[in-house]
Structure formats: structure tokens, C-alpha cells
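Asks: Coordinates only, no sequence provided:
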């Protein structure tokens, strides 16, 4: 049995994500800075009304890539802990799609590490979103 | 061999996977060409990557029997 990983918490789930769970994971007496990014579903994209989104993931690889990003962020910014949670399935306007939580001794690495994690996730993690509008649906970023 | 498809790739393939013959030994770059020839829709994507055994594959890597191959259209998480 491996030791529990107290520095990286990765979750890909079709159930609502808990910000409290992320905070509890990253909080530590040595850390004076906790930083969070919560990505939610908005009702407009490029001026078009969005009714809901569907997220699909290549789950085993997505989890591996999310873990790589968390490990890289912790090393690069000297963070104490990183939690990275992402939803799959159908999401309504206002639902939480992604949570990044990081902790560090001081605030600056926490801000920078948090931004790094969400930026890298958007570039590399095999998750796709289909946007539904009143007049149809399409996979985001797929076509020019 | 079976190639798994997600997102826009699933729409282009018409299902969650597609089959191409005689892939063992060819490179990932060759596979990308084969895919665009067999399914021109892949050429209309902004880009697409191939994952081999749950890792992004480089074009020069060679496919071996038993590989899990997945088409990765442009990702859009977050």
C-alpha cells in the first residue's frame, strides 16, 4: 500500500465538485496563502446564448495529465499542495466545471501556481466541451 | 487496429472508435496521414494529437501490437 499523497489531489467526476474538500486538502499550518480558481459555466460565449455544456474526458489519460500538472506546479512554484478537480457530463449555467486549489507559505507563489495549473489544464488535459445553443451544438476549439 | 475517438473525433468517425488495418510498425505521423485520407474531416480540425497508451505520442514513434490508440482533437477543459 502506497503512502497517501498529501500534496496532490486529483479528481475527475460526474458529480458536483466541493470547494470545501479542495480547501481542506491544501490547507496546512505552514501555509499563509491559499489560492483558488473556480471555473463556472457562463450563459454567453462569443456573444451567443449558451443553454448548457457537455464535458467529455478520456478519463485515464486526463487523470494522468492532471497529476503531471499538479506535480509540475508544486515543483515550479514551491507549493505545499495542489488540488485539481474537473467535472464531466452535462453542466448547466452556473455549475462548477473546474476547481484549482493551491497552498504555499506566502501568497505570490499561490497566485502564480494557481494560474499555471488552470492554463496548463486548458492546453493539455484530454477533456472536451460541447456547447449547446438554441440553434444547435458544437465542440469548442475543434474547428477554425 | 481499433482507434478510440472522443469529442469532435467521435462525430467525424461516426462512433466512439474506428478501425484501420496494418498499423503495426508504422509511425504515429504515418497514422495521422492515414486518418486524414480515410476520414477527411480530421483534416478540417484545428489540429489533432494521437495518444498512445495514455501518453501524447510523437510523430516518429512506432505503433506496436496491443497499443491503445486514441485520437485527441483540440482539448477544451476548464
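Replies: In hand now; what should we look at? Note that the coordinates shown come from a computational prediction; the quantities given were computed from them, not determined experimentally.

Asks: do the helix or strand harbouring residue A:115 and chain B meet?
Replies: Using DSSP states H and E, residue A:115 maps to helix A:107-124. Yes. Judged by C-beta under 8 Å from any C-beta of the partner chain, helix A:107-124 and chain B are in contact via A:118, A:121, A:122, A:123, A:124. Every residue, glycine included, has its C-beta placed from N, CA and C.

Asks: which of those residues tops the neighbour count?
Replies: Highest neighbour count within those: residue A:121, with 24 neighbours (other C-beta atoms under 10 Å in any protein chain shown).

Asks: Just the helices from chain A, written as ranges.
Replies: Residue ranges of the helices in chain A, as given by DSSP state H, are A:19-26, A:59-77, A:107-124.

Asks: closest one to residue A:85 among those helices?
Replies: Ranking the helices of chain A by proximity to residue A:85 (C-beta to C-beta) places helix A:19-26 first, at 6.2 Å.

Asks: Report how many residues lie close to residue B:26.
Replies: Residues lying near residue B:26 (other C-beta under 10 Å) number 14.

Asks: residue contacts, residue 74?
Replies: Reading this off chain A. Residue A:74 makes contacts with A:7, A:8, A:80, A:81, A:82, A:113, as judged by C-beta atoms under 8 Å, 6 or more residues apart in numbering or on different chains.

Asks: that answer is for a different chain, and I need it for chain B
Replies: So residue B:74 contacts A:141, A:142, B:8, B:45, B:46, B:47, B:48 (C-beta under 8 Å, 6+ apart).
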